[in-house]
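A.B. asks: Make a model of this:
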Amino acid sequence: MQLFYNPSIDKNTHEITFDKIESRHVIKVLRKKEGDHIYLTNGKGDLFHCKISIANDKKCLISVVNIEQKKQHRKYYLHLAIAPTKNNDRLEWFLEKATEIGIDEITPIICDNSERKFIKLERLKKIIISAMKQSLKFHLPKLNEVVTLSEFLKHNQTQGKYIAHCVENEKQLMKDVLLPQESSTILIGPEGDFSFSEIEKSLQKGYTPITLGEARLRTETAALVSVMNVSFINQ
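C.D. replies: Next up is the predicted model:
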């Protein structure tokens with residue numbers, strides 16, 4: 001199945017016109033013609049079965065034949081707050097893989113030791129959309145605006161709250177504290193780790209300190225291991 005994405009379509013949509021870029025991709029690259037089927041999602045759990053009405057490489061028109069509601073099979077909600085990596089490619093890699101595995105919400109956080117404090121959200125959204133389509137998922141993870149960790153701690157409230165850090169103190173293995181079907185938030189710090197002050201503030205806000213094992217992991221690796229741990233716990 002070749003999956004396309006259009007956030008503006010809903011159950012009242014009967015026809016969709018692709019823009020010039022997508023029209024060319026459908027007609028010239030995929031070699032689709034009138035009467036062929038196309039599949040779209042709005043990233044909200046809907047799968048639109050469509051048929052090409054006008055096979056024009058500049059303005060391809062498709063008609064909705066059927067709408068199928070795709071339920072979210074995962075019974076948990078995962079929100080991961082991650083400090084942007086110095087190398088932007090590593091953050092993009094994480095977002096791609098996390099979307100494939102299963103994640104609901106991502107918030108980039110600026111920390112005391114952050115080396116990168118600016119990211120291009122639009123590019124990251126494209127990475128997530130591409131990963132959603134490639135992995136044939138129908139729920140698009142939410143990517144939030146960049147905020148400071150202090151600001152994030154003021155507003156975020158979930159069932160389980162965890163902070164993964166490298167400071168030597170009392171911590172539990174992540175796999176030992178995660179609960180199945182739990183709505184959880186996990187904090188992943190920058191290359192230089194969270195500062196002592198940030199760790200203390202997080203603990204005061206009810207975050208549980210966790211470790212991902214003995215190895216010292218890169219930011220994006222720690223984030224992906226966290227996503228995988230949550231996925232395994234919920235198998």
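
A.B. asks: so who does the residue nearest the centre of the chain touch?
C.D. replies: With distances taken as C-alpha atoms, centre = their mean, the chain has Pro141 as the residue nearest its mean C-alpha position (4.0 Å). Contact partners of Pro141, counting by C-beta atoms under 8 Å, 6 or more residues apart in numbering, are 98-99, 103-106, 128, 132. Every C-beta, even on glycine, is put in place using the N, C-alpha and C of the backbone.

A.B. asks: Just flag the most distant two among these.
C.D. replies: Of all pairs drawn from these, the greatest distance, 13.8 Å, lies between Glu105 and Met132 (C-beta to C-beta).

A.B. asks: Next one: Lys71 from Gly45, what distance?
C.D. replies: Using C-beta to C-beta, to the nearest Å, we find Lys71 at a distance of 7 Å from Gly45.

A.B. asks: Glu105 and Met132: which is more packed in?
C.D. replies: Met132 (21 against 16; other C-beta atoms under 10 Å).

A.B. asks: quick one on the thing from earlier: just the contacts of Pro141 now: which is nearest Asp193?
C.D. replies: Once C-beta to C-beta is applied, the member of the contacts of Pro141 that ends up nearest Asp193 is Ile106, at 19.6 Å.

A.B. asks: quick one: strands adjacent to the helix or strand containing the closest one?
C.D. replies: Assigned by DSSP states H and E, Ile106 belongs to strand 105-110. In the sheet, strand 105-110 lines up against strand 77-82 (parallel), strand 142-143 (parallel), strand 147-148 (parallel) (DSSP bridges).

A.B. asks: Now the element after it, going C-ward?
C.D. replies: Proceeding C-terminally, strand 105-110 gives way to helix 121-134 as the next helix or strand, assigned by DSSP H and E.

A.B. asks: which of the residues in that following helix are buried?
C.D. replies: For helix 121-134, the neighbour count (16 or more other C-beta atoms under 10 Å) marks 124, 127-129, 131-133 as buried.

A.B. asks: do the same with stretch 67-79
C.D. replies: For stretch 67-79, the neighbour count (16+ other C-beta under 10 Å) marks 67, 76-79 as buried.

A.B. asks: With stretch 136-149 instead?
C.D. replies: For stretch 136-149, a neighbour-count test (16+ other C-beta under 10 Å) marks 137-141, 143, 146-147, 149 as buried.

A.B. asks: Stretch 56-64 too?
C.D. replies: 56, 60-62, 64.

A.B. asks: Can you spell out the domain ranges of this protein, please?
C.D. replies: Residue ranges for the domains of the chain, per automatic domain parsing: 3-69, 77-233.

A.B. asks: so which of these is the most packed in?
C.D. replies: Counting by mean count of other C-beta atoms under 10 Å, domain 77-233 has the highest mean neighbour count of the domains of the chain, with a mean of 17.

A.B. asks: For the residue nearest to the centre of the chain, which non-adjacent residue is closest in space?
C.D. replies: Leaving out its chain neighbours, the residue that sits closest to Pro141 by C-beta to C-beta, 6 or more residues apart in numbering is Ile103, at 5.1 Å.

A.B. asks: mind checking how far that neighbour is from Asp10?
C.D. replies: The spacing between Ile103 and Asp10, counted by C-beta to C-beta, is 24 Å.

A.B. asks: Can you show me the strands along the protein?
C.D. replies: 3-5, 15-17, 37-41, 46-54, 61-69, 77-82, 105-110, 142-143, 147-148, 160-164, 172-173, 183-188, 208-211 (DSSP state E).
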